[in-house]
Every structure is written in structure tokens, then in C-alpha cells.
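Enquirer: sequence? don't have it. structure:
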């Protein structure tokens, strides 16, 4: 049963920060933290260095174990996706059918799959496809989404109305169905069709966030102040609105990166994403799924790698949000 | 004594250290009395009130010491269950921002009635009747027709009346009003303040009025406690404090506000900035800004001195209160 | 008598109320400002007071061209601002600057103080050559009472009062003749308000500025203003010198407003006459006919419903020279003293 509404136990807002001059703690601290000279110099205070919000965020992130762990994990993944040879000496495409579905043996700790390929090597090489798709799709969706969403939010009017409706149409496309239809006609074995498809479906989400945060930033008095000084649209957008609207976009994009990686795996699993000979966790999971009773190790390793990668990016996104969200500070 | 706060200490844990928001506050209110707690942002006036109400966010807040006696019983030693029963029924609070204190998806009648349903076990229909009665009492015109309206359909002044009605619903013996009129327009402010004072007289409640506005205080308070950096620096009956402040901070505040009936050349300005709660100055917290400060002010924390020259009981936390009184 | 550098005539701003998402249909208008006229003379301070929703902030925005008026004229030295655009508008903007109410939202948190105060020079490069700018910014910091070495700090490292000084420095950068200050101290702590008010007064003398000072706090307006205009629901109810308005008000709204101001003197509680108005300010989307104040006025009669009172010296005082003879938009204007007479100190 939901708790009855009790006006005398107001929501957090009143408790922590009675608005206005009521004396919220954070305001008081902020007031108090500075030490500048006023008309007459105030007493000595602790020396304080110039800190931008970004450097503040970085300062906080460095001390956040979630951030450090996820960042190390991601760095590791990026490195092995560029140089898989560093930790895997074999060739993921060189398989020995005689070892089909065998368990681990010296030199092949994860065992072999149905084709007799080394699961360890394939798991290591699979990172490349996932990371490439994840990063490229995120960069593409973030650029397209924040550009379109940002312009819609800044200029408003019919441009905004049309763009929002277009974004709604893309939102309406069921991801799996869209993938099955659009990607089944593609014959390329590169990652680019998949990247393109994810960008196509991913940009509206970023655009919505960008539009909203641009509208919020646009209403700030400092944007009005710049306009009162005679600043043009370009200056207002680039100097005042964009830097203050970018944080939510970064947060959403980082979290989206994880989901894009799992989307790639899903599409590959369904046979419309990456195709052999490209090595991908999704393909391997798909191949292993039918053999889950006979050889669970075939599924375990690529699926585990996928989960950890997705989790790492989502944790990173969470940590970045905590650091950039001014309401929590 | 209805409420007595004794040597209350409250701290907040922040990223940069422990902020001492309240450092030994003492005050008391009797039934039918109005105590105004005057202070700037960060003075600890709201935090003290939240501690009394038991709605302080803990963590990051922490009550580091002291007693809060309500009708003789120490609230800080009570179980949360018992405090809940007191809160709302016998002790109520009015906030500055009425719009965000009311639930936007419930009609005001439902919100007012809920008080009676939950605390008094009334039926919905009876509670509704009570809600109309309350709205009449706080002089909301056409209460019967408007009882089903939602908060956003009322103006700022009317919403604050609804908040007052809600606070009064169960006829508490103590009301804490945190900047109740700050968000309102001057002409509406006067209406709301008058209503509050009238109801207080009628019900013989104790009222703690928290504000930064010296004008509002002068109009309604019986006694005043001035807070600075988490301490009460001066406490006195309202007439005395305006006629002859016994603390340089109070004097500075009084001198620095422009007055409707005066046109001066330059305003007196208290120099410097409000103190950093993470590093409160040693000795008297006001010493870096004080025109009267001497060596002893930087080393010794002034106790609350009895201002003996006054017939009514009053106190000042200034080593040189005598000089200040006669300045 | 100094000439007017700013002449505002019949300024109107209606915000359309629309319905529908894609195909918008106008269903009404919020009459934020509904025919406001005043002059600002060189070197003087004109105070505009009123309650929230009376249109005073919209007037401020139109003066600095942040809002385009629906109709009416704003002439700066004979040139109508509302007709200018592009380069000509930019040039005029240099001379009319604004100080905002909220020092927490009016400074870009991503920019250093030096960049914030220096931005006017980037927008108007002709004012200061590039090499000169840093020095100019530091001079400005010094002028407003901040340490010039703090150019590289960010706004969140300053307190409210200090931020407002930064906002004032930005407003001064282009050496404007007019500063429009919209509630410049109402967001500040009581003990800091006086510092900022004093600073504004000092700067006015130093740079021979003219101020349009907008506030809801009547005491501060009286302190700083030479002339005062009282606004109610988008119109000016009464205007005159500070003595005329505060000591000899003739409009019932001004009288009520003045009597409602809490005075920091408990003795005055008994001495003062209080006029408590009933009800709230009506919605500017649907203002009352005739005199907009009539719904809360104790003097209202049928005549007030039928005819809009004009802002002029009321008939009763015409031809007189006393302080009560000043423009007041009331059919039944009569003098009534609500504040004890001023003491010059």
C-alpha cells in the first residue's frame, strides 16, 4: 500500500533545500567557500585554485571505484580489440574439426566449439567487432542526434515540430523487426551496415535528450545576457548553450554504448548482424545456443565477455552521470 | 514551556569536510507566543527548525548534541514511531514554497481531508466536510465550490492559505513557519501574515517564525532570536532589540536596510561575507566583519551574556554588549 | 533640466496564448505590458515597482531588446530601437546594458570570470583592441570591488554578492550610458544587499550612468531612485518623484502597497495605518475592464468599470504646484499619507 500523502513529511526538496533565501545548506556552503576581497578585504581564508566544472567532475570521478574499475576494464577491451595478438597467439579462423566441442586442454583453456575452433582465441578476437560497432555507432548516433536535436531545441518553431515527428517515427520502428527486414538484404561482411542501422535507430533517443537540455540551457539568464550584449546565434549556441547542454548527452551516449554492443550481438545471433568470417560474440553465442546441453563452455565464454563489456560501459555511464549531474553536488 | 531547545548541535558531512550548521542553539517558545528566528542563508535557522520537526536529512545531517524538549519530553530520545504521532498532529510546519509542498495530482480537499482520515480515522465524507470548514477558516472565498480544485488552480497567496489550513487541521500546539511569506507579493504577504497571527491568537498556539526579513519580524513577533553561523547571537523581546541592539551584527543588519520613511545618502554595509561553515572563524564567528572587534574576540568564544540593564530577560553573545547597547 | 535619453511611448507586449501542437491557433493573449510610457533623463535613476506579474520585467527586457514589443516605441536619443535590426541594433545595444536578478543563473558556469567580463569585447571588438582586453577586465574587477587576480576563476567559486558584482562588471564593460537593473539585489542576503546597492550608486556617479531600477522592494527603490513609476497589471498606476510617490501618493494601489510594506520598527505597528487589500492580482490574460485595479479597490464605482483612467495629473490637483500634483491613473485620486514623513539623514 502506498504511503498516504502527508504534507508534514514533505518530499526531499523541502527538507534538503528550502528554496530561495531559506538557507539551503549547499547554498550556504557555496556562499561560504569563497574568500574574495569585497569592498574591504575579508580575513584570510584557505587558498583555492580555479576549478572548472569539468575538472571538478574529473576530480570526483578519480575517487569513484566504480569509475576506475569500469575504465580499466574498457581500456583493456580497447587494447585487445586493437592488438588481439597480445594475449591470443592462435588464429580464430584456423579450426580443427576433430576437436569439435572438446573441453579445455593445455594451451586451449576455454576448449573448442563445434567447428573445432579455439574458444579462447575467438572470444578475444570477438572484442574487436563489439567495440568497433559500439564506439562507431555511438559516435555516429551522438553526432547526428545532438546536431539535429540541438538545432531543433535552439531554433524551435516548425523545424522543431518536423524533427520531433521524424524522431517519433524512428522511435516507432521495432528494433529486431527493423533489423531483420533491413539487414537481411545486405550482403556485406563488414561491420558498417550494422553500425549504420544502429545509428539510424539510435539517433532519436540522443536527439530527444539534446533537444531537452538545449531548451533548458537556452532559458538560462546568461544566454539572455549574451543576447543583450548583441551576440549572434552562433556565439550563443557554441559558447553558452552547447557547453551547458552537452553533459546529459555524454551520459546517455555512454550508457547507450553498452546497449548498442548488446544490440549488435542480438542482430548477429539472429543472423542479420555480422557474418562469418567476421568473429563476433553474437555469432558464437548463436552457434553455441543449440549445443547448450552438450557443450555449455561454448556459450559461457563469449556470453560472459559480452555481459562484462556491456556492464562496464553502463557502469561508466552511471559514474559519469553522478559526476556531471549538478543536482547531486 | 511548550518547546525548549537546549544546546543543539547539528553537523553536515560534505565533500569538503564537516560543516557545522548549528553550534549550540538555545531557545524556547510558550503557548500563545511568537518567536522569530532571524538570520541569513546559512545561519542555521532552517536547520534548527528541521531538527525540531524531525525532518532533517540524516545523512548527510547529524545531530551532534543537545536536547529538544517538547512539553517536557526530549524529542531526540523518542522512537521514530512516537515522533510521527506528534508531527502533524501536535507540531506542524509551513514551508516557503506552497506549490511544491502540495501534491499536484490530488485536490486540495482530498489533501486536507486526508489529515482527518489518517490521524482521526474519519470517513471520507466527514473529512471532506472538515476540509471545507478549514478552508473557510483560512478565508478562502467560496470554499464549498473550490474544495475539489487542484493546487495549480489557486494563486500563490491562496496556496499558502491552504498550507496554513493543513498545518492547523489537527489544532497543533506548535507551528513552525519557515519563510511563509517570502515568495508572496507585498500586498498578499500582509494578508497571510495577519491570518497567521489571528489564528495563532485564537488557538493559543506557539509560533516559530523563521525569516530573514526584519520588517516582517517587527510586525508580528513577541521575541526575537538572531542567528549567525549556527549560534544565537542575540535574543530579546521585539521592542528592545529594535530600540537598542546589544550585538553588533544585529545593529549592522538594522542599519543596512533601506527604510521606507528615510532617504539616506549611503547605506551602512556590513563588510565582508557570511562565514564559511567548514571553517568558522575562531573566537566570535562575527569578528572578521565586526567594527568593534578586538583581540579577545579572535580568541574567546563569547558566552551568552545576560543583558542586565534590561527589565525583560535578554541575552547577547558579544563581549562588548554594553558598548554596543549604548553606541 | 537634463534631456531625456530614453523615451518610451505606449509600449505594449502581448504574449499570444496558443492551442494545438502542429497547427497552432491563437486563443487569447497575456497582456504583460499594456501601454507604458515614461522618460529616462541623463544621470537619473527611474525606479519601477510592482508586484509579480505586473509587467515590470517585460518592460526591462524590451528596453534591452530581449523582447520585441507588440507595439509602441523606445527612442534612444531620438532613434527608435524597435525599428532597428542587424548592425544598427548592435551598435545601440552597446549603450543600454542589463544587470540580471539571479547571480546564480546569469553567469555561464563553464566560463571563467575573465571570459565572462571580456565577452562584450569579443562581441564588439571595436571597443577594445585585443591586447588591451585582459587589462580592461582586471580594471573592471577592481572597479566593482573584486580582486583583479581572480580572472581565471569560475563563477561557482564566488558567493551570491560577488557574482552579482561580476554581473555588474560585465554590464559596465562597454561603457553604456544606461543600465537596466532587474531586481539586482533581491536574490542576495540582507547583509550583502547594502554593499551592492552602495556599489551601484558609486558607479552611477563614477561613470555618469542612468539607471532603470526594477524591484518589488519599495524601500530599496526609494533609497536609490530619483523618480518612481508604480506598475499594476501592465500599466503604470502612478508616477512622480520619490517624495511625490512615497509621501503624497494619490493612487489607491500605491497607498495600499506602501502601507503593506513591513517596517522594521515594532513601535510602528500601532502608529501605522494599514490598508489590507483583498484578493490577488487578476490574471493578465483576462484583466478587468476599465481600471484594472477596481476588483481590489475600496473606492471602485461603476465609472471605474466603464472607463480606463488615464495616467495624468488628476483633475483635483490640476493647476496646483504641491507634491500631490503628479500623474496618477485613478478616477478618484486623493492624497493619503501612509508612511510617516521622510527624515533627511
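Expert: Sure thing, it's come through. The structure presented is a predicted model; accordingly, all values stated were derived computationally and were not measured. Numbers count the residues shown, from 1 in each chain, chains lettered A, B, ... in the order given.
Enquirer: Spatially central residue in the chain, please.
Expert: Let's take chain A. residue A:254 (1.6 Å; Cα atoms, centre = their mean).
Enquirer: my bad, chain B
Expert: residue B:210 (2.3 Å).
Enquirer: That one pairs with what?
Expert: residue B:37, residue B:178 (DSSP bridges).
Enquirer: Thought residue B:40 was touching it, still the case?
Expert: No - between residue B:210 and residue B:40 there is no contact under Cβ atoms under 8 Å: 11.7 Å. Any C-beta I mention is one placed from the backbone N, CA and C, and that applies to glycine too.
Enquirer: For chain A, what is the nearest residue in chain C?
Expert: residue C:106 (3.7 Å; Cβ to the nearest Cβ).
Enquirer: how deep is that residue tucked in, by neighbour count?
Expert: 25 (other Cβ atoms under 10 Å in any protein chain shown).
Enquirer: what residues are up against it?
Expert: Neighbour list for residue C:106: A:220-222, A:224-225, C:100, C:163, C:167 [criterion: Cβ atoms under 8 Å, 6 or more residues apart in numbering or on different chains].
Enquirer: I'd like the distance between it and chain B.
Expert: 18 Å (Cβ to the nearest Cβ, to the nearest Å).
Enquirer: Please tell me how far that residue sits from residue C:211.
Expert: 17 Å (Cβ to Cβ, to the nearest Å).
Enquirer: Would you map the strands across the stretch 51-200 of chain A?
Expert: Along the stretch 51-200 of chain A, no stretch is classed among the strands by DSSP state E, counting those that start in this stretch.
Enquirer: What parts of it come near chain B?
Expert: By Cβ under 8 Å from any Cβ of the partner chain, the residues of the stretch 51-200 of chain A that approach chain B are residue A:60.
Enquirer: at 10 Å instead, please
Expert: A:56, A:59-60, A:63 (Cβ under 10 Å from any Cβ of the partner chain).
Enquirer: which residue sits closest to residue C:264, ignoring its sequence neighbours?
Expert: Spatial nearest neighbour of residue C:264, excluding adjacent residues (Cβ to Cβ, 6 or more residues apart in numbering or on different chains): residue B:214 at 4.1 Å.
Enquirer: Would you check that the one you found makes contact with residue B:242?
Expert: Yes - using Cβ atoms under 10 Å, residue B:214 makes contact with residue B:242 at a distance of 8.2 Å.
Enquirer: Kindly tell me how buried residue 190 is, as a neighbour count.
Expert: Just going to use chain A. With other Cβ under 10 Å as criterion, residue A:190 counts 12.
Enquirer: That was the other one, I meant chain C.
Expert: 20.
Enquirer: likewise residue A:292?
Expert: By other Cβ under 10 Å, neighbour count at residue A:292 equals 11.
Enquirer: show me what contacts it?
Expert: A:298-300 (Cβ atoms under 10 Å, 6 or more residues apart in numbering or on different chains).
Enquirer: Helices along the chain, start to end?
Expert: Assuming you mean chain A. A:12-16, A:25-33, A:53-62, A:65-82, A:119-155, A:157-171, A:175-183, A:192-218, A:221-228, A:233-235, A:242-269, A:281-289, A:296-324 (DSSP state H).
Enquirer: right idea, wrong chain: chain C
Expert: Using DSSP H, helices in chain C cover C:56-63, C:86-93, C:113-123, C:133-143, C:160-172, C:190-206, C:218-224, C:242-247, C:252-260, C:268-271, C:302-306.
Enquirer: worst average pLDDT in the ones you listed?
Expert: Mean pLDDT is lowest for helix C:268-271 among the helices of chain C, at a mean of 68.
Enquirer: Give me the common contacts of residue B:214 and residue B:242.
Expert: Both residue B:214 and residue B:242 are contacted by B:224, B:250, B:254, C:264-265, under the criterion Cβ under 10 Å, 6+ apart.
Enquirer: quick one: which of the residues you listed is most hemmed in?
Expert: Neighbour max across the shared contacts of residue B:214 and residue B:242 (other Cβ under 10 Å) = residue B:224, 28 neighbours.
Enquirer: coming back round to it: show me which of the contacts of residue C:106 are buried.
Expert: A:220-222, A:224-225, C:100, C:163, C:167 (16 or more other Cβ atoms under 10 Å in any protein chain shown).
Enquirer: Can you add distance to chain B and give the helices of chain C back as JSON lines?
Expert: Putting the helices of chain C into JSON lines (distance: least, Cβ to the nearest Cβ, whole Å) gives the following:
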{"stretch": "helix C:56-63", "distance to chain B": "12"}
{"stretch": "helix C:86-93", "distance to chain B": "31"}
{"stretch": "helix C:113-123", "distance to chain B": "16"}
{"stretch": "helix C:133-143", "distance to chain B": "16"}
{"stretch": "helix C:160-172", "distance to chain B": "7"}
{"stretch": "helix C:190-206", "distance to chain B": "4"}
{"stretch": "helix C:218-224", "distance to chain B": "4"}
{"stretch": "helix C:242-247", "distance to chain B": "7"}
{"stretch": "helix C:252-260", "distance to chain B": "4"}
{"stretch": "helix C:268-271", "distance to chain B": "6"}
{"stretch": "helix C:302-306", "distance to chain B": "18"}
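Enquirer: among these, which is the most enclosed?
Expert: helix C:160-172 (a mean of 26; mean count of other Cβ atoms under 10 Å in any protein chain shown).
Enquirer: Contacts only, for the residue in the stretch 151-300 of chain C positioned nearest to chain B.
Expert: When scored by Cβ to the nearest Cβ, the stretch 151-300 of chain C has residue C:262 as its residue closest to chain B, at 3.0 Å. When contacts are counted by Cβ under 10 Å, 6+ apart, residue C:262 touches B:181, B:186, B:189-190, B:193, B:211, B:213-220, B:260, C:219, C:268-269, C:272.
Enquirer: among those residues, which are in strands?
Expert: residue B:211 (DSSP state E).
Enquirer: of the contacts of residue C:262, buried ones?
Expert: Buried among those by 16+ other Cβ under 10 Å: B:181, B:186, B:189-190, B:193, B:211, B:213-220, B:260, C:219, C:268, C:272.
Enquirer: which residues touch residue B:326?
Expert: B:244, B:246, B:309.
Enquirer: any idea how far the most centrally placed residue in chain C lies from residue C:179?
Expert: Closest residue to the average C-alpha location of chain C: residue C:214 at 2.3 Å, with Cα atoms, centre = their mean. Between residue C:214 and residue C:179 the computed distance is 11 Å (Cβ to Cβ).
Enquirer: what's the overlap in contacts for those two?
Expert: Residues touching both residue C:214 and residue C:179 (Cβ under 10 Å, 6+ apart) are residue C:99.
Enquirer: Residue A:185 reaches residue A:197, doesn't it?
Expert: No - contact criterion Cβ under 10 Å: residue A:185 and residue A:197 do not qualify, at 11.4 Å.
Enquirer: Among the two, which residue is more densely surrounded?
Expert: Legend: neighbour count by other Cβ under 10 Å for residue A:185 and residue A:197, higher for residue A:197 (23 against 8).
Enquirer: what's near enough to touch the more buried one?
Expert: Per Cβ under 10 Å, 6+ apart, neighbours of residue A:197: A:133, A:137, A:175, A:178-179, A:182-183, A:186, A:263-264, A:267, A:272-273.
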